[in-house]
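> structural data only, the sequence is not supplied:
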Ligand code: DX5
Ligand code: ZN
């Protein structure tokens, strides 16, 4: 069921890497809507995280949506592995290769929801021909590769333009990078509905003290909702 209500998607990039299963259970119990999984290959982005085996291992610990953000190139040879690992949504970057249209066809062909991600230096016009074949557009508000970076405010008009381009299509606008209770209203106001947040969700908490996760998620959600007319 498609809806534009605000969804908070904690990025496990900011979780305790020795405790991923418990961290996924903790953030869901504390109100996370989706779990955002950042896959990095040390090639498309200058950092390395985890692959399909980790996603498969996490799957039983996630009751809701497993949102897999692939920051890898090439991407096509790995799609089947992430689909088999149990991803609900698989997003690929337009910058990761010359054939994003084929990539998105392949993701849907594997029976998964398809997302297309764009870097801060990429115009939204790059996704104009793809809007009828995606479930989500992910606008990066930091350069991908690392958590804890500052929100790039110049991306906000771009998000507004994307919202116009999407029109009535059932396509989510996901924002990834530097989302906090301070920046969330800037993007929800112009039409974003899925807010990825790593540092701002996990700060101050742990699997033994998960209440901080809940407070952080509620603060981001309340800030985002307050900006929607
Ligand atoms: C960046 C990742 C993000 C990001 C979010 O490459 O895709 O999901 O780490 O982390 P914060 O919220 O800390 O910016
Ligand atoms: Zn991400």
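On my side now, so go ahead. These numbers come from a predicted model, not from an experiment. Numbers count the residues shown, from 1 in each chain. Ligands and ions are numbered 1, 2, ... in the order given.
> which residues are in contact with the strand or helix carrying residue 70?
In this assignment (DSSP states H and E), residue 70 forms part of strand 65-71. The contact list for strand 65-71 (Cβ atoms under 8 Å, 6 or more residues apart in numbering) reads 9, 33-41, 44-45, 55, 58-59, 78, 82, 85-93, 96, 115, 117, 138, 144-145, 174, 176, 194, 196. To be clear about C-beta, it is placed using only N, CA and C from the backbone, and glycine gets the same treatment.
> out of these, which touch ligand 1?
36, 38, 144, 145, 176, 196 (Cβ under 6 Å from any ligand atom).
> tilt between the helix or strand hosting the first one and strand 65-71?
With secondary structure defined by DSSP H and E, residue 36 is part of strand 34-40. Orientation check (axes from the mean of the first three to the mean of the last three Cα atoms, to 10 degrees): strand 34-40 against strand 65-71 gives 20 degrees.
> for the record, mean pLDDT for strand 34-40?
Mean per-residue pLDDT for strand 34-40: 98.
> got it, and stretch 150-170?
For stretch 150-170, the per-residue pLDDT averages 98.
> repeat for stretch 57-65
In this model, stretch 57-65 carries a mean pLDDT of 98.
> gap between the two ends of it?
15 Å (Cα to Cα, to the nearest Å).
> would you mark the buried spots in stretch 129-148?
130, 134-142, 144-145, 147 (16 or more other Cβ atoms under 10 Å).
> pLDDT score assigned to the residue nearest to residue 99 when sequence neighbours are not counted?
Residue nearest to residue 99 in three dimensions, not counting chain neighbours: residue 76, with 7.3 Å by Cβ to Cβ, 6 or more residues apart in numbering. Looking at residue 76, its pLDDT is 98.
> I'd assumed residue 14 was in contact with residue 148.
Yes. Under the contact definition of Cβ atoms under 8 Å, residue 148 touches residue 14, with a separation of 7.5 Å.
> ok, whatever residue of the chain ends up closest to ligand 1 - contacts?
Distances between the chain and ligand 1 by Cβ to the nearest ligand atom are smallest at residue 198, namely 2.9 Å. Going by Cβ under 8 Å, 6+ apart, residue 198 touches 10, 11, 12, 13, 14, 36, 38, 147, 148.
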